[in-house]
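Asks: have a look; sequence and predicted model below, questions after that.
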Amino acid sequence: MGIVDDAKDALDATGKRIGRAVDDARDTVEDRVEEGKADAKVKQAEAERDATKAKNDYKNELRNDT
């Protein structure tokens, strides 16, 4: 029965390795998604900052022209 037990152990080890590989791949994808969401939030915040600055600059120009 040694060969059968060795085969079972080999299959079990292979299954665990495949499971870890799938988990690692899923974690990598999730990390990239989170990174993309964070980048999008940063870009949105920068755009809002730039829009506010442009609006304030315009208001200052109007005040200075009078």
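Replies: Cool, got the structure.
Asks: any regions of the protein where pLDDT drops low?
Replies: Where the chain drops to pLDDT under 70, the residues are 1, 66.
Asks: 80 instead, please
Replies: Applying pLDDT under 80 to the chain flags the ranges 1, 65-66.
Asks: that one: helices as residue ranges?
Replies: For the chain, the helices defined by DSSP state H occupy 2-65.
Asks: mind saving the C-alpha coords of stretch 2-19 as CSV?
Replies: C-alpha atoms of stretch 2-19 as CSV (Å, rounded to 0.1, in the frame of the first residue of the first chain):
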residue,chain,number,x,y,z
GLY,A,2,3.0,2.3,0.0
ILE,A,3,2.5,3.4,-3.6
VAL,A,4,-1.1,4.2,-3.1
ASP,A,5,-0.4,6.2,0.0
ASP,A,6,2.5,8.1,-1.8
ALA,A,7,0.1,8.9,-4.6
LYS,A,8,-2.5,10.2,-2.2
ASP,A,9,0.0,12.3,-0.5
ALA,A,10,1.3,13.7,-3.8
LEU,A,11,-2.3,14.5,-4.9
ASP,A,12,-3.0,16.1,-1.6
ALA,A,13,0.1,18.3,-1.8
THR,A,14,-0.7,19.2,-5.4
GLY,A,15,-4.2,20.2,-4.5
LYS,A,16,-2.9,22.4,-1.7
ARG,A,17,-0.4,24.1,-4.0
ILE,A,18,-3.1,24.8,-6.6
GLY,A,19,-5.3,26.2,-3.8
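Asks: so how far is that stretch from its chain's centroid?
Replies: Here the centre of mass of C-alpha atoms in stretch 2-19, compared against the chain's by Cα atoms, centre = their mean, to the nearest Å, lies 34 Å away.
Asks: burial measure for Gly6, as a count.
Replies: Actually, residue 6 is Asp rather than Gly. By other Cβ atoms under 10 Å, the residues close to Asp6 number 10. Any C-beta I mention is one placed from the backbone N, CA and C, and that applies to glycine too.
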